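> Fold the following and give me the result.
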Amino acid sequence: MKALQKYKRTYILALQNEMEYRTDFLMSIISGGFIILVQCFLWTAVFRSSPQEIINGYSYSQIIIYSVLSGVVSKLVSAGFEGEVANDIKTGGLSKFIAQPIHYFSYRICNFFGGKTVQTAVVLVLFVILMIVFTQIWEFQLRVGQIVLFLVSILFGLLINFLLFYSISALAFIITEVWGVFIAFNQGVYLLSGAIFPINIFGDTFARISSYLPFQYVVYFPVKIINGSLTIHEIVPGLLLQAVWVIVLMIISKLSWDSGMKKYVAVGG
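Reported below is the predicted structural model:
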């Protein structure tokens with residue numbers, strides 16, 4: 001009888017966790033869609049109030065397509081695990097990885113890509129629907145090679161974003177409460193990656209400086225590939241820069257974590 005009650009409690013707890021996960025996932029999709037909707041209304045108002053058909057190098061259809069695609073891509077490559085890392089450091093949960101054969105970096109990157117599996121499937125379905133809609137409403141064409149290069153850039157973008165947030169999470173070794181830092185960094189990446197506005201809207205100087213930073217290769221560069229704004233001669237160097245940034249950020253993350261582990265005292269572990 002006790003075993004049956006224990007089984008029921010375990011089953012109910014598992015069901016509650018599953019419902020919480022589904023609800024969280026659904027709300028994240030809805031919130032992402034709300035941001036895209038706000039951007040579309042904003043640009044519609046801007047173009048209606050302007051006598052010009054081209055604003056900062058973008059027509060109405062181009063800026064709407066960019067806003068929608070950037071919202072989808074930013075949702076796909078989003079991180080969100082930095083709080084869990086900080087909590088592991090603060091509570092001593094990191095200690096079990098010191099004794100176990102699996103490295104914490106390996107655990108985190110597998111957890112990151114594993115969590116993206118269902119999200120990627122849903123986002124890709126949404127992406128295909130959007131592509132069909134865009135081709136019907138506006139002159140928007142897709143080629144197979146363009147899609148392949150886009151998917152490669154998305155993979156690099158996922159790695160870059162993961163390494164950016166994994167590196168910054170090492171601050172939890174030094175600062176006890178890092179939520180403010182994480183929020184500020186997250187908003188900074190959101191802006192500099194081109195998730196809100198295209199990078200070149202801020203001017204040529206800003207765009208030139210941004211091209212040497214990793215942020216635009218998370219959202220802006222993949223979106224420019226899929227919307228046909230870049231030629232193959234511009235895409236290949238961009239993919240190489242993405243690969244270079246992955247290597248550089250891996251080195252930075254290793255150095256930051258090696259430095260942080262020297263200060264780790266396993267409080268609460």
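
> Now do the contacts for residue 138.
For residue 138, the contacting residues are 61, 65, by C-beta atoms under 8 Å, 6 or more residues apart in numbering. (Glycine included, C-beta is placed from N, CA and C.)

> And it, how far from residue 228?
11 Å (C-beta to C-beta, to the nearest Å).

> next one: residue 123
Residue 123 is 20 Å from residue 228, by C-beta to C-beta.

> Please say which of these two ends up with more neighbours.
Between residue 123 and residue 228, residue 123 has the larger neighbour count (other C-beta atoms under 10 Å), namely 19 against 14.

> Doesn't the more buried one belong to a strand?
No - counting by DSSP: H, G, I helix; E, B strand; the rest coil, residue 123 is located in no strand; its state is helix.

> is it true that residue 195 touches residue 221?
No - Residue 195 is beyond contact range of residue 221, at 11.9 Å (criterion: C-beta atoms under 8 Å).

> More neighbours: those two, which one.
Neighbour comparison, residue 195 and residue 221: the larger count goes to residue 221, with 28 against 23 (by other C-beta under 10 Å).

> Can you give me the pLDDT of the more buried one?
Here, the pLDDT recorded for residue 221 equals 92.

> I figured it was touching residue 242, is that so?
Yes - contact criterion C-beta under 8 Å: residue 221 and residue 242 qualify, at 7.2 Å.

> tell me, what's touching the two both at once?
Counting by C-beta under 8 Å, 6+ apart, the contacts common to residue 221 and residue 242 are 153, 157.

> Flag the shaky bits of the stretch 1-150 of the chain, pLDDT-wise.
Along the stretch 1-150 of the chain, the parts satisfying pLDDT under 70 run over 1-34, 139-140.

> 90 instead, please
Along the stretch 1-150 of the chain, the model assigns pLDDT under 90 to residues 1-148, 150.

> What distance do you get for residue 97 to residue 108?
Distance from residue 97 to residue 108, by C-beta to C-beta: 10 Å.

> Neighbour count: those two, which is higher?
Set residue 97 next to residue 108 and count neighbours by other C-beta under 10 Å: residue 108 wins out with 19 against 16.

> Just confirm residue 250 contacts residue 163, I think it does.
Yes - counting by C-beta under 8 Å, residue 163 is a contact partner of residue 250 at 6.1 Å.
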